[in-house]
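Chemist: Generate coordinates for the sequence data below:
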Amino acid sequence: MNPHESDVKPAANPSKGWSNWQENLTLIAIALCLAILIRTFIAEPRYIPSDSMLPTLHTGDRLVVEKVSYRFHPPTNGDIIVFQPPAELQKRGYPQDQAFIKRVIGLPGKILKINDGQVYLNDQPLTEDYIAEPANQPFPAVQVPENNFFVMGDNRNDSNDSRYWGFLPRQNIIGRAAFRFWPLDRIGFI
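Modeler: You can find the predicted model right below:
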């Protein structure tokens, strides 16, 4: 044994171990706060539970819903939006936290009707190359109230939408479906 060597090992510094734990806990807390802030104010993932948006969205698709753009401008015709159920749906037993997804068809002030499967906005036929098939029931002319929207599923004959429960208040809108991240073979912007 070398005379300068010793069998005694230096004692571990207990404050260094605690410092590492504090640093790790701080990083975890920051990550959780960032995740909560991003999900609450910027974007969140959503799952498509039904066929109401076929052929555009399929059951099981997973999307990113962005929440920023509607703070600067209202939804436009054709936007696919995610929203909390309005009062009429809540009266029918849907919980407030159950999100719906539909396409904006009628903006505030517009007059909408459906005749022979064709949707009309202000008596002009709406071009809809995204629907599964035309609606099989007529719908009388209605004017969309201020701060409300008329929404429909792309699968018109299998969609619980504004034709059945009325207008969607703007304050119920969570955000716009922006990007499909699953399944991988259909990944892309919506």
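
Chemist: Which residue ranges of this protein form strands?
Modeler: Listed in chain order, the strands of the chain (DSSP state E) span 43-47, 62-66, 80-83, 100-106, 111-115, 118-121, 124-125, 139-143, 148-152, 168-169, 173-182, 188-189.

Chemist: Could you export those strands as TSV, including mean pLDDT?
Modeler: Written out in TSV, the entries for these read as follows (pLDDT from 0 to 100):
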stretch	mean pLDDT
strand 43-47	93
strand 62-66	96
strand 80-83	98
strand 100-106	97
strand 111-115	97
strand 118-121	97
strand 124-125	97
strand 139-143	98
strand 148-152	98
strand 168-169	98
strand 173-182	96
strand 188-189	95
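
Chemist: can you tell which of these is closest to residue 17?
Modeler: Set against residue 17 and scored by C-beta to C-beta, those come closest in strand 43-47, at 36.9 Å. C-beta coordinates here come from the backbone N, C-alpha and C atoms, glycine included.

Chemist: longest single helix anywhere in the chain?
Modeler: Of all the segments assigned as helix in the chain under DSSP state H, the longest by residue count is helix 14-41.

Chemist: Give me the neighbour count for residue 151.
Modeler: Residue neighbour count, defined by other C-beta atoms under 10 Å, stands at 26 for residue 151.

Chemist: pretty sure it is touching residue 112, no?
Modeler: No: using C-beta atoms under 8 Å, residue 151 is not in contact with residue 112, being 10.7 Å away.

Chemist: what separates the longest helix of the chain from the chain centre, distance-wise?
Modeler: In terms of C-alpha atoms, centre = their mean, to the nearest Å, the gap separating the centre of helix 14-41 from the centre of its chain is 28 Å.

Chemist: quick revisit: what do residue 151 and residue 112 both touch?
Modeler: Overlap between the neighbourhoods of residue 151 and residue 112 consists of residue 105, taking contacts as C-beta atoms under 8 Å, 6 or more residues apart in numbering.

Chemist: Just list the residues touching residue 188, thanks.
Modeler: Contacts here follow C-beta under 8 Å, 6+ apart; on that basis residue 188 touches 179, 180.

Chemist: Tell me what it is bridged to.
Modeler: Taking DSSP bridges, one finds residue 180 as the beta-bridge partners of residue 188.

Chemist: Next, find the distance separating it from residue 56.
Modeler: If you measure residue 188 against residue 56 using C-beta to C-beta, to the nearest Å, the figure is 12 Å.

Chemist: worst-scoring helix or strand of this structure, pLDDT-wise?
Modeler: The weakest-scoring helix or strand in the chain, judged by mean pLDDT, DSSP states H and E, is helix 14-41 (a mean of 81).

Chemist: Any figure for the gap between residue 183 and residue 81?
Modeler: Applying C-beta to C-beta to residue 183 and residue 81 gives a distance of 22 Å.

Chemist: Between those two, which is the more surrounded one?
Modeler: Here residue 183 and residue 81 are compared on neighbour count by other C-beta under 10 Å; more neighbours surround residue 81, at 22 against 11.
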